[in-house]
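Student: how would this look folded up:
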Amino acid sequence: MGTGKTTIATAVAHRLKMRYISTDDLIEKKEKRTINEIFSKSGEDYFRDAESAVIKEALGLEGMVIDAGGGAVMREENIADFKSNGIVICLTAEPNVIMERTKKYKHRPLLNVEDPKRKIRELLAKRAPFYAKADHCIDTGKLTVRQVVEKIIEILNEKKEPAEK
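Tutor: Residues are numbered from 1 along each chain as shown. Here you go, the predicted structure:
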């Protein structure tokens, strides 16, 4: 969270003339309630089950740029599904950058705690081994949206080139 996933994924989809899809939006639509409500009333495990189900659904669609929540990779099955269906790009940022980008939003259930900066550091440390499994990582902290999009386009073009030879 706070790394620019939604902004970047939307921009990449637009640039590539593809459709954008957010797994969080799909979950909210299916559940008919917000992520915050799901977390508070049903718990994180329930949310992660719903997330895994919509990931499978989203991966069944053609020509999509998928914006998955930051915790989606905490399940090995999700990583395997993503990798077998496309390129996994992890957007990262330093805790200070994430804190600055997320401080005004109250819809982030994992940061609705007394010390959100400490929680960000804990989440990053816990998720680091999973994020390391991405095909590519891009630190968005000092880059513009355009620069990140360009990096992603380069990655996608490099991936295409060997298949075309």
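
Student: give me the nearest residue to N85, chain neighbours excluded.
Tutor: L59 (4.4 Å; Cβ to Cβ, 6 or more residues apart in numbering). For glycine as for every other residue, the C-beta is placed from the backbone atoms N, C-alpha and C.

Student: next, count neighbours for that neighbour.
Tutor: 16 (other Cβ atoms under 10 Å).

Student: start to end distance for stretch 61-73?
Tutor: 19 Å (Cα to Cα, to the nearest Å).

Student: give me the distance from it to the chain's centre.
Tutor: 6 Å (Cα atoms, centre = their mean, to the nearest Å).

Student: pLDDT of that stretch, averaged?
Tutor: When pLDDT is averaged along stretch 61-73, the result is 91.

Student: and if you look at stretch 141-157?
Tutor: 96.

Student: sorry, back to before: so how far is A72 from the residue nearest to N85?
Tutor: 11 Å (Cβ to Cβ, to the nearest Å).

Student: one more: D115?
Tutor: Taking Cβ to Cβ, one finds D115 at 24 Å from A72.

Student: need the residues touching each of L59 and A72.
Tutor: F82 (Cβ atoms under 8 Å, 6 or more residues apart in numbering).

Student: name the SS class of L143, please.
Tutor: coil (DSSP: H, G, I helix; E, B strand; the rest coil).

Student: quick one: terminal-to-terminal distance for stretch 57-70?
Tutor: Start-to-end, stretch 57-70 (Cα to Cα) is 18 Å.

Student: where in the chain is pLDDT low?
Tutor: The chain contains residues with pLDDT under 70 at 105-112, 161-165.

Student: and the helix or strand where S52 lies, what's buried?
Tutor: Per DSSP states H and E, S52 falls inside helix 44-59. Judged by neighbour count using 16 or more other Cβ atoms under 10 Å, the buried positions of helix 44-59 are 47-48, 50-52, 54-55, 58-59.
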